[in-house]
Every structure is written in structure tokens, then in C-alpha cells.
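Chemist: Task: produce atomic coordinates for the following.
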Amino acid sequence: MSLHGSPTSAELIESVREWLERDVMAATEGRLRFHARVAANVLATVERELAMGAEQEEEHKARLATLGMDDDAQLAAAIRNGDLDDRLDEVRDVVRADVAARLAVANPKYVS
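Modeler: Just a heads-up that it's a prediction; the model follows:
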């Protein structure tokens, strides 16, 4: 059991998202309905980040480590400086995996 007990923050977010989707959007139209949809989408993104974020962050660090990098800024500098030009396939694989992880949170419909 966690310090804060139940409902968890993830459960609270899910409840609000479901209320927006089921009740608010169904009972409204126009601008209010649009904003309710946007809010529900934001909450869904937060839910996915809470569910996957920690594991994705560890995987991201491991991918960076395969290139000898500690963080994204160091990777960007190495790419700009041409330090990884002899490892472009590896860099491409790391960047693709990172983009896929970000899309899995931001909008999983975009991940093929």
C-alpha cells in the first residue's frame, strides 16, 4: 500500500477522464465539447506517462549509454560535432526507439 492510499493519482486521473468522455462530452456541444475532448486527451496522456514513464526513462538511459552518452544534450552535441558520424546506424536506432517511446505516451495511434 502506498503512503497516499486509494484512490491513487492514476485512478483519480482516470476517473476524471472517463467523466469528461462519458458525461461532459455527451451533454455538450461546440466549444465546450471541444475543450472537454482536449482535457480528456491531456488526462489520457498523463495516464500513459504515469504507467510507462519510469520504465521508458530507464530504457532511454540504457540506449544513451550504448552510445557513451549521459543525456540528450550530450547526444545532441555529439551529433552536431560529428562525433558519432561513424555510428549513424546506432544513432538512428536510438533516436527511433526514443521517438517511438514518446509517441506511445503522446499518441499511441501514431506508433505503427
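Chemist: quick one: the strands in the protein?
Modeler: In the chain, no strands are found when defined by DSSP state E.
Chemist: Low-confidence regions, it specifically.
Modeler: Under the criterion pLDDT under 70, the flagged ranges of the chain are 1-2, 112.
Chemist: got the residue ranges for the helices in it?
Modeler: Per DSSP state H, the chain carries helices over the ranges 9-19, 25-27, 30-66, 72-81, 88-106.
Chemist: Switch those over to CSV; also include mean neighbour count and distance to Leu3.
Modeler: (C-beta placed from N, C-alpha, C; glycine too.) Output for the helices of the chain, formatted as CSV (neighbours: other C-beta atoms under 10 Å; distance: least, C-beta to C-beta, whole Å):
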stretch, mean neighbour count, distance to Leu3
helix 9-19, 14, 12
helix 25-27, 13, 34
helix 30-66, 14, 16
helix 72-81, 13, 31
helix 88-106, 14, 25
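Chemist: And Gly68, how close does it get to Leu43?
Modeler: Gly68 sits at a distance of 38 Å from Leu43 (criterion: C-beta to C-beta, to the nearest Å).
Chemist: and if you look at Ala36?
Modeler: 11 Å.
Chemist: who touches both of these two?
Modeler: Leu20 (C-beta atoms under 8 Å, 6 or more residues apart in numbering).
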